[in-house]
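S.K.: Here's my sequence, what's the structure:
(2 chains)
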Amino acid sequence: MSLEDKVKELVIEWDEEGLKELCRSVIHNQEATAPELLKIIGKIMKFIGDQFENEEIFLPDLIGSAETVKKSIDEVLDPAIREAGEEKETLGRVVIGTVESDVHSIGKDLVASFLFSNGFEVYNLGVEVTAQEFISKAEEVGARVIGLSSLLTMSMDFQRQVIEELERRGLRDKYKVIVGGAPTTDEWAGEIGADGWADDAIEAVELVKKLIDQ
Amino acid sequence: MNLKKIEVFSKDELQKIHSASLELLSDVGIKIDALDTRDLLKRNGAEVNEKSLFVRFPESLIKDKLKTVPNSFKLWGPDGSFHFEVNTSSTKFATIGTPVKIYDPTKSSGVRKTVLADTIQQIKIVDSLENILCSHIDVWPNDISYITIHSECIYQWVKNTKKPYGLGCLGRLASQDMMNMASIIVGGEDELQKKPRFIGFMNPTSPLHLPQIMTNGFSVFTKYKQPTIIAPEALAGTSAPVTLAGLITQTNAEILGSVIVSQIFNPGAPVFFGTVSHITDMRTGNSAMGSVEMGLITAGIAQLARYYKIPSRGPGCGTDSKVLDVQNGFERLQTLMLAAQAGINYITCAGTYEATLVESLELLVIDDNLAGMVQRTLEGINVNDDTIGIDVIKKVATSEVKGVNFLAEKHTRKHMKNELYFPKLVDRSRRSSWRKKGAKDIIVRAKEKVEQILQSHQENLLPKEMERDLLNYMKQVESRTFEDYKKAEGLMVDKITLPDGIEIKEK
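M.R.: Numbers count the residues shown, from 1 in each chain, chains lettered A, B, ... in the order given. You can find the predicted model right below:
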């Protein structure tokens, strides 16, 4: 069984501990470096993402695999890369969260998972995230994109407030701001001066790819 | 537990209908045109009036003959690689109808006449579907000679599907052809009797009449132990009383009488306790297949079939709509769901509309999804410690990560496919994704599915000898004249009309 097949089996089986263990031993035995392992994982996530798009597997299959992979990246591969003093390759860094006064997370988590599965480095800040928290995390990690989610008409206005706060600090041009969530629309995104809007997680990935290429 | 069955009769009411049907059978009986069948019944204890042609069935004869009716049987495809079981507790889905036209949006009328190419396509589509298990000669090949339709269709059946097939009990001669051709295909009569390939349709004519041609064909099907669907198509207010209880009592007598005939023809012959009865629309005089009353009648027959422990057949997907509109949608699901919830074991008419006179391959693939939805409904809610999942609820609800959900839980992955049915043609995407994919409605999506099936469907390769024998047999059928058929059935008239409205004329 090739290393790729071994990794694939553990990812598909959601074997978090098994995958971490494999990554550790592979690095320790110098069979592959952490960046090489990341490349293999990226290829596997692409394969799983394609299966999902072709309706061969369901959402939980995709999300569960993404979470399994994320554990190994956060706990084994990222530390190994930092230790070696190397820079991690990424399509881009995205900070994402649900805005203040809103605790809805599922849609936003799907977007985070899809972005992650497509090779982006995602910082998922959770729910009820303030403008201050979004901006300081984006500054800290060098993000290119900030994603603001809202499921309530009541909380939608906080998306505007994050953008206004960026402007106030003179940071607006540094980031691409995207918004989403059931009550939001393309028109709303235009009205509050966001750079883009997507209707679902698959579209969100396309949107982020497009914005990062700009 | 599984969904509880809908019942339209109390125990007393059921008994009352049963008794009234027995009274009809013993006092009036059933008019049977076929002389040899009347003679056979007489020898077996029925009372025959040779003047009126009515055959009366004493209660003791009915009780005795009901004992040999099987409560389950299997049906096999041509090469024996596919089969399914029909019994008194499961639900299976199939086609059946009399479509003589097919959906064609390029025509101003929206339909065109069906031809053999449509018949073949329908067989291929059914072969590829998950829940529709059997096709029948229902898409009528208007472009071929009436006397060769059965042989042509059987040839196309063996070439294009792994599933069983249904044919009308269209007389002694044609039915014998069907058995002979099937015997060539399966390697002998013994194999055919052991593993039946065909369903025969036997429609008593209401009120209380078994026509000659059908009875002749019925005797051949039962002799070869091919399951027959006994299904009167009585219409409340015209060919039966307007009261549903009256219609059900009358048709129950028609079905029971025919069942007794089948067991006298061949004890143990498998039969379906069937119905296609519905109502007459009192404004137009037309039959109304999409009516809620049809669902109620079907439910009543299902309950009676359970009482007699005989597998039942009833219509679903019934609609009177002439187009693929909302009426078409709600009537087809309403009749389908009611038939299923009432416990009909073999639900038919997938792919048809306009009282089954028109076929749509698009509807056929949609009905496959509806059948899946209905099947899921019948399964009800499965309750045990694992499905209650108290541990996963505790874990997710108390997670320290804010807003964590059940999607990435192993519990979700383990159960999602059993718990949630995924109807593939149903759109659940967000508006912008839907628009990006072409803003297609379900008919367009279904059409794409039909095209995809037809493009990828593989023809069965027949052994050379079988192909040669079948073609030779078909030549023999082709060489017959219409007179040959009339003689074989004991008919000496110029023109006859079958119960499904199809006229038989000279070639």
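S.K.: Which parts of chain A are strands?
M.R.: Counting by DSSP state E, chain A has strands at residues A:93-98, A:121-124, A:145-149, A:176-180, A:196-197.
S.K.: give me the beta-bridge partners of the spatially most central residue of chain A?
M.R.: Nearest residue to the geometric centre of chain A (Cα atoms, centre = their mean): residue A:122, 3.1 Å. Under the criterion DSSP bridges, residue A:122 forms beta bridges with residue A:94.
S.K.: any idea how far it is from chain B?
M.R.: 15 Å (Cβ to the nearest Cβ, to the nearest Å). Yep, even glycine has a C-beta here, placed from its N, CA and C like the rest.
S.K.: secondary structure element for the nearest residue to residue B:266 once chain neighbours are set aside?
M.R.: Spatial nearest neighbour of residue B:266, excluding adjacent residues (Cβ to Cβ, 6 or more residues apart in numbering or on different chains): residue B:222 at 4.6 Å. Residue B:222 belongs to helix B:212-223 when assigned by DSSP states H and E.
S.K.: Check which residues of whichever helix or strand comes after that helix are buried.
M.R.: Tracing the chain past helix B:212-223, the next element assigned as helix or strand by DSSP H and E is strand B:228-230. Neighbour-count burial for strand B:228-230 flags B:228, B:229, B:230 (criterion: 16 or more other Cβ atoms under 10 Å in any protein chain shown).
S.K.: from those, which single one is nearest residue B:92?
M.R.: residue B:229 (12.4 Å; Cβ to Cβ).
S.K.: Local confidence estimate at residue A:153?
M.R.: pLDDT, residue A:153: 89.
S.K.: Residue A:184 is in contact with that one, correct?
M.R.: No - the pair residue A:153 and residue A:184 does not pass the contact test of Cβ atoms under 8 Å, sitting 9.3 Å apart.
S.K.: For those two, indicate the residue with more neighbours.
M.R.: residue A:184 (22 against 11; other Cβ atoms under 10 Å in any protein chain shown).
S.K.: so that one makes contact with residue A:159?
M.R.: Yes - between residue A:184 and residue A:159 a contact is recorded at 7.4 Å, counting by Cβ under 8 Å.
S.K.: how near is residue B:363 to residue B:329?
M.R.: Distance of residue B:363 to residue B:329, computed by Cβ to Cβ, to the nearest Å: 9 Å.
S.K.: Helices of chain A, start to end?
M.R.: Secondary structure of chain A by DSSP state H: the helices cover A:3-12, A:16-28, A:34-53, A:59-72, A:78-83, A:106-117, A:131-141, A:157-168, A:186-191, A:201-213.
S.K.: Burial check on residue 127, number of neighbours?
M.R.: Looking at chain A here, since you left the chain open. When neighbours are counted by other Cβ under 10 Å, residue A:127 registers 21.
S.K.: Oops, wrong one, chain B.
M.R.: Residue B:127: 20 neighbours (other Cβ under 10 Å).
S.K.: Distance-wise, check the closest residue to it other than its chain neighbours relative to residue B:363.
M.R.: Leaving out its chain neighbours, the residue that sits closest to residue B:127 by Cβ to Cβ, 6+ apart is residue B:161, at 3.8 Å. According to Cβ to Cβ, residue B:161 and residue B:363 sit 19 Å apart.
S.K.: can you tell me the residue of chain A closest to chain B?
M.R.: For chain A and chain B, the shortest gap (Cβ to the nearest Cβ) falls at residue A:105, measuring 2.7 Å.
S.K.: close enough to count as contact, that residue and residue B:405?
M.R.: Yes - the pair residue A:105 and residue B:405 passes the contact test of Cβ under 8 Å, sitting 6.8 Å apart.
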